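Colleague: sequence and predicted structure below; questions after.
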Amino acid sequence: MSDRGSEEVSLRLAWRPFERRVAVAAGCLVALISLFHHVPVSVASLRGGLAFASVLAVMKLGLFALEKSLAADKAAGRGEEEPQP
């Protein structure tokens, strides 16, 4: 019996808080740097929001690629082997 479904769920549960924290940190950092360059607050918030959305999209793409890679390894039978010394 394969536990592939539970493995994908655990990966998603571990990845989701990480991706949100990274996206929030990037958005805040971009907005703060914009404010340091004397940009109006509305423009700084827009830049921060765009950075947040962009990083979140990249992180979701990374999760998709990681899941596909794990699925390909499982299909090839390399998921359960121990590493060779």
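Modeller: Yep, it's here.
Colleague: nearest spatial neighbour of Leu35, skipping sequence neighbours?
Modeller: The shortest distance from Leu35 to any non-neighbouring residue, by Cβ to Cβ, 6 or more residues apart in numbering, is to Ala44 (4.9 Å). The way it works is simple: take the backbone N, C-alpha and C, and place the C-beta from them, glycine included.
Colleague: so that neighbour touches Ala31, yeah?
Modeller: Yes. Between Ala44 and Ala31 there is a contact under Cβ atoms under 8 Å: 4.7 Å.
Colleague: when those two are compared, which one has more neighbours?
Modeller: Between Ala44 and Ala31, Ala31 has the larger neighbour count (other Cβ atoms under 10 Å), namely 22 against 19.
Colleague: quick check: closest non-adjacent residue to the more buried one.
Modeller: Gly48 (3.0 Å).
Colleague: would you confirm that the one you found contacts Ala25?
Modeller: No. Gly48 lies out of contact with Ala25 (Cβ under 8 Å); the separation is 10.7 Å.
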